[in-house]
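> let's see this in three dimensions:
(2 chains)
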Amino acid sequence: MFSRAAIGRQAQRAASRSWQHQRRGLAEPASGSFQYQVGDAQGVKIASREIPGPVATLALVSSAGTRYQPVPGLAEGLERYAFKSTARRSTLRIQRESELLGSALQTHHSRENVVIGAKFFQNDLPYFVELLAEVAAMTEYKPHVLHEEVYPLMDLLHKKYLGNTQEMALNSAYGVAFHRGLGVPLQPPSNLPYKKYLDADNLADYASAAYAKPNFALVGNGVSQSELSKWVGEMFTDVPSQASYQFKPEQTKYFGGEERIAHSSGNSFVIALPGSSSPTGGFYKPEVAVLAALLGGQSTIKWSPGFSLLSKACQDTPNMFIDTKSTIYSDAGLVTITMSGSASDIKSSAPKVVEALKGVSQNIDKEAFAKAKALAKFKELEYGQETSAAMELTGAGLVHGGKAYQIDEVAKSVDGVTEEKVKQAAKDALEDKASVSAVGDLYMLPYAEEIGLKV
Amino acid sequence: MSVPSMANFIVKRPWLSRWMVPLSKWYKDAAGYRKLGLRSDDLIPEENEIVQLAIKRLSPKEAYDRVYRMRRAFQCSLQHQLLPRQEWTSDEQDYQYLSPIIEEIEKERSEREDLESMVIKKPQPGSKVK
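Okay, here's the model as predicted:
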């Protein structure tokens, strides 16, 4: 039973909380809206949502990811070169100034986008809009900065990548599934790209296209739309309004196949199936998200394998990592089942995984389906609430189709998924060729043919 | 390491430059490095971090040419000879290829030192921000 003192403390806390509620003015909103407001300032696409709290996030999302790079290594080079010396400020000054303001600069790149942004106190918005404008329009691409600061970093990342079989298997599966475009590995798989292709001149060319008005959007979290559009209108005047060349928006085609790579430390096995595009794209299938949740693999609760089909199928091999992800891009997507662990575990579980997948196309347990739907919706909403992911999706949506990523609508579409649709999605995926990639001990790791997949 | 220069001071004053330009021409000629095919920037002592970094930042062509000039000059010096007259460094060839890079690096370093020794004053509550 609860002790008296504990109840007393709870009660006090509850009382103080209710008092705080009363202190808040009635006119203030209880929570910010999840909806992004979309706008345009001097030809720059902007989106923002107001979230109560002192910290704001601003990101420049440019559709210059690995998918669109004309030669390898450019997207990563562009990301690593962000916040380096500009015509007005040196690298060091940018770092120190942003440290003094108590902010964090962050950059990352994905297959479709390069995101450069910052987290900062709301009052500092003008400073960071100016900084991003400077990065976009005034960065000086110099060979010695590449040699001294960018290449060594890429070299280390490349070494890290070579040690990670899971990452290698995933990238290889993408390569097998989409060949060029989306299939280009996220990180250079050898040091060839930055030794041979990446230099200051073509990086400057790429940057002038990536930071041209039609190719990027500014997304703010915790900033007001009027403030943002005012400052963007003032600062983003030097950004070119026409791209020097267009990123080719070719419709992605799914190929499928198998790739096997020998590796002495670690084993990973990836089965990938064609999936759904993002809601802002044309091939959106919410049932794929439910299918991924239903297959699952990782439990969301402690001390239990969870309800998901793959965690049940792989109960005999608890030391093996298994997870299903539905990754969405603007015009295509991929459902990836990743297995990582000892080669014998993978050998014994891989056929069971395929069995489970085939089982879904025949018949789905009602209760598991309800759980999967709830989990898919939860994941979607959680993902959308997490600022960085939502900002990237919103920015990409704006650049490609002028639509922002609204999680409320996405959650609604997950509600409409039926069992039949999921079965159909599984059946379609199995009819297509699968993309299978094995990295590790190739003597033990099975071929796709052996576990009953068509490649 | 860059050296203090009075060039700007002199160029701004035509009467002074009328005096100094022929004098500098005579001096450069008399210094003799041009007769060994060197440029004035080749004479900068390179045994320190800043110049080493600057040499690394040269374009591959510049770096190659620099080494070539030095080896040729060294050979000439060993043989107690001068280059044939047509191979002497001309006025146009004797431009500053290294000094601007050195100055840039020095600027970076001094900026870093300034920022390290910066004193941050937090505005006190109640005091007016200037």
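> tell me which parts of chain A are close to chain B?
Chain A has residues A:Ser90, A:Leu92, A:Arg93, A:Arg96, A:Leu100, A:Pro143, A:His144, A:His147 near chain B, with proximity defined as C-beta under 8 Å from any C-beta of the partner chain. (C-beta placed from N, C-alpha, C; glycine too.)
> now, which of those sits nearest A:Ser63?
Closest approach between the residues of chain A next to chain B and A:Ser63, by C-beta to C-beta: A:Pro143, at 26.5 Å.
> up against chain A, what does chain B have?
Checking chain B against chain A by C-beta under 8 Å from any C-beta, the hits are B:Lys56, B:Arg57, B:Ser59, B:Glu108, B:Glu111, B:Arg112, B:Leu115, B:Ile120.
> one more pass at 10 Å, please.
B:53-54, B:56-60, B:101, B:104-105, B:107-108, B:111-112, B:114-116, B:118, B:120 (C-beta under 10 Å from any C-beta of the partner chain).
> filter these to the buried ones?
Among the residues of chain B next to chain A, those classed as buried by 16 or more other C-beta atoms under 10 Å in any protein chain shown are B:Leu53, B:Ala54, B:Arg57, B:Leu58, B:Ile101, B:Glu104, B:Ile105, B:Glu108, B:Leu115.
> and A:Phe283, which of the three is it?
coil (DSSP: H, G, I helix; E, B strand; the rest coil).
> what about it, neighbour count?
Applying other C-beta atoms under 10 Å in any protein chain shown, we find 18 residues neighbouring A:Phe283.
> how close does the closest residue to it other than its chain neighbours sit to A:Val360?
In this structure, A:Phe283 finds its nearest non-sequential neighbour in A:Ser277, 4.0 Å apart by C-beta to C-beta, 6 or more residues apart in numbering or on different chains. Going from A:Ser277 to A:Val360 by C-beta to C-beta, to the nearest Å gives 21 Å.
> what's in contact with the lowest-mean-pLDDT helix or strand in chain B?
Counting by mean pLDDT, DSSP states H and E, chain B has its least confident helix or strand at helix B:7-11, which shows a mean of 86. With contact meaning C-beta atoms under 10 Å, 6 or more residues apart in numbering or on different chains, helix B:7-11 is reached by B:Leu16, B:Ser17, B:Arg18, B:Trp19, B:Met20, B:Val21, B:Ser24.
> now do the domain split for chain A, please.
A:4-235, A:257-451 (automatic domain parsing).
> quick one: these as TSV, columns for mean pLDDT too.
Listed next are the domains of chain A as TSV, based on pLDDT from 0 to 100:
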stretch	mean pLDDT
domain A:4-235	84
domain A:257-451	86
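> nearest to B:Val3, of the ones you listed?
domain A:4-235 (22.4 Å).
> list the residues that contact A:Thr418.
A:Thr418 sits in contact with A:Glu287, A:Val290, A:Phe369, A:Lys373, A:Gln424, where contact means C-beta under 10 Å, 6+ apart.
> may I ask which helix or strand encompasses the last one?
Meaning A:Gln424. helix A:419-431 (DSSP states H and E).
> what of the fourth one?
Using DSSP H and E, A:Lys373 sits in helix A:366-385.
> now the angle from that helix to helix A:419-431?
With axes from the mean of the first three to the mean of the last three C-alpha atoms, to 10 degrees defining the directions, helix A:366-385 sits at 80 degrees from helix A:419-431.
> could you dump helix A:366-385 to CSV, C-alpha only?
Taking C-alpha atoms only, helix A:366-385 is exported to CSV below (Å, rounded to 0.1, in the frame of the first residue of the first chain):
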residue,chain,number,x,y,z
LYS,A,366,-7.3,-9.5,-35.5
GLU,A,367,-5.7,-8.5,-32.2
ALA,A,368,-2.2,-8.2,-33.6
PHE,A,369,-3.6,-6.1,-36.4
ALA,A,370,-5.3,-3.7,-33.9
LYS,A,371,-2.0,-3.5,-32.0
ALA,A,372,0.0,-2.9,-35.1
LYS,A,373,-2.3,-0.1,-36.3
ALA,A,374,-2.1,1.6,-32.9
LEU,A,375,1.7,1.2,-32.9
ALA,A,376,2.0,2.5,-36.5
LYS,A,377,0.0,5.6,-35.6
PHE,A,378,1.9,6.1,-32.4
LYS,A,379,5.2,5.9,-34.2
GLU,A,380,4.1,8.2,-36.9
LEU,A,381,2.9,10.8,-34.4
GLU,A,382,6.0,10.4,-32.2
TYR,A,383,8.2,10.8,-35.3
GLY,A,384,6.3,13.9,-36.4
GLN,A,385,6.6,15.4,-33.0
